[in-house]
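Student: compute the structure for the input listed below.
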Amino acid sequence: MTTNQEISHFTGLILISGEDKPGITHAIFDALSPFAVSIIDIEQVVIKQRLLLTVLITLNPAHRNAIEEDLTARAGELDLDIAIDFSETSNTSIATKKNLTHVVVLSAKLNPKSISQVAAAISESGANIERISRLASEPIVAIEFVVSESKNQELRQELSRIAAANNVDIALSPGNIFRHARKLVQLDVDSTLIAQEVIELLAAKAGVSEQVVEITQSAMRGELDFEQSLRARVMLLKGLPVSEIVNVRSEITLTPGAKNLVSTLQALGHTVTVVSGGFIDVIEPLLEDLNIKLFKANKLEIDNGVLTGNLVGEIIDRATKAQALREFAQIENIDMEQTIAIGDGANDLDMISLAGMGIAFNAKPVVRAAADNSLTNPYLDSVLYLLGIATEDH
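Tutor: Now for the predicted structure:
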């Protein structure tokens, strides 16, 4: 017996599958139109020309047989499989899920074991998978799980282990009303936006590659800080003709996916900024081509057509990169929670820590450990999938 608070409803769950073709959705709902039916929920997906359509309705139980007959007949005409489950319930509301988490799995070759382990980790953490969808299929596969009731820190640790064990990337980010808010995305340049290290290209022109490598390794051992190592390396370039800067520009190549990342973000209204421990003298034409207006990089001193071995102005080190992130966000009137910083080296640590989301891109272990998410595939536009931007959106 139902009470005043428990009003009985009769529902029908309709599941339709088969080869996708134009007119299926119209035909199914046209068959329902003559009846006193209310639609509670609906979802349709198509994978490799195979359609799956699910519909939840309320109906008058007296119309049950007629509805089933009409839907079955219409499905038969379209060569579709159909299953209908009728039941009585006291609650037809679809609960609104809050505090959702988005888990994105990326791999050039995604195997079932990876998905199995991700699903198990989500379940064992006490969370529930609400939805699974594909964000990309080539050149990498990106699958997004929308998860409710997640204990993010615990889940992140387990997903990190799974990613390492299966050679996949797994990124986790909170889902809320700000997920698709306007963002500021700040990029490092060398080995992030571009595939090369500019100082190494210049060193090769000056014939001092070995000496530059020695200084770089000394800095990595902690014997020199960034500014000391940068000034020492630039001093080795003394006397290099300015014409070699032009030659180096021609040797620079964008990281795969970089142009798509920048143009897509800009088209969607986001801001892309750049900070570099390299040299504006080399990368400025590239930034103009990419329509990037906000940037900071070191400047080489030039006298009588040759490099003096000195720098002009402030040094762009890790602290300056973080400061630039804050300054650019203020200029663009974007909250720091909506900033994203992407880099690969120790010089990027401060901005990665400061940003609302820090992303390590093919980075050194210390950077991966500090970042919210890490990407190890070669495609920079994989960042789009972490933001929930599917291939179809760009």
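Student: only C-alpha atoms for contact and neighbour calcs from this point on.
Tutor: Noted.
Student: mind giving me the packing neighbours of the helix or strand bottoming out on mean pLDDT in the chain?
Tutor: With mean pLDDT, DSSP states H and E as the measure, the helix or strand of the chain carrying the lowest mean pLDDT is helix 209-220 (a mean of 89). Helices and strands touching helix 209-220, by 3 or more C-alpha pairs under 8 Å, 6 or more residues apart in numbering; DSSP states H and E, are helix 198-206, helix 226-235.
Student: any chance of JSON lines for those, columns distance to R131 and mean neighbour count?
Tutor: Formatted as JSON lines, the entries for the helices and strands packed on helix 209-220 read as follows, by distance: least, C-alpha to C-alpha, whole Å; neighbours: other C-alpha atoms under 10 Å:
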{"stretch": "helix 198-206", "distance to R131": "44", "mean neighbour count": "19"}
{"stretch": "helix 226-235", "distance to R131": "45", "mean neighbour count": "18"}
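Student: closest one to S123 among those?
Tutor: Among the helices and strands packed on helix 209-220, helix 226-235 comes nearest to S123, with 44.5 Å by C-alpha to C-alpha.
Student: the inter-axis angle of the next helix or strand after that closest one versus helix 198-206?
Tutor: Reading on from helix 226-235 to the C-terminus, the next helix or strand found by DSSP states H and E is helix 243-251. Between the axis of helix 243-251 and that of helix 198-206 there is an angle of 130 degrees, by axes from the mean of the first three to the mean of the last three C-alpha atoms, to 10 degrees.
Student: which element follows helix 243-251 toward the C-terminus?
Tutor: Scanning forward in sequence from helix 243-251 by DSSP H and E, the next helix or strand is helix 258-267.
Student: pull the distance from that following helix to the chain's centre.
Tutor: Its chain's average C-alpha position is 12 Å from that of helix 258-267, according to C-alpha atoms, centre = their mean, to the nearest Å.
Student: what about stretch 350-358, how long is it end to end?
Tutor: As for stretch 350-358, its first-to-last residue distance stands at 10 Å under the measure C-alpha to C-alpha, to the nearest Å.
Student: contacts for that stretch?
Tutor: Residues external to stretch 350-358 that are found in contact with it (C-alpha atoms under 8 Å, 6 or more residues apart in numbering): 318-319, 321-323, 325, 336-343, 359-360, 370-373.
Student: what are the boundaries of the helices in the protein?
Tutor: In the chain, helices defined by DSSP state H lie at 24-32, 64-77, 112-124, 152-166, 198-206, 209-220, 226-235, 243-251, 258-267, 280-289, 318-332, 349-354, 365-370, 383-386, listed in chain order.
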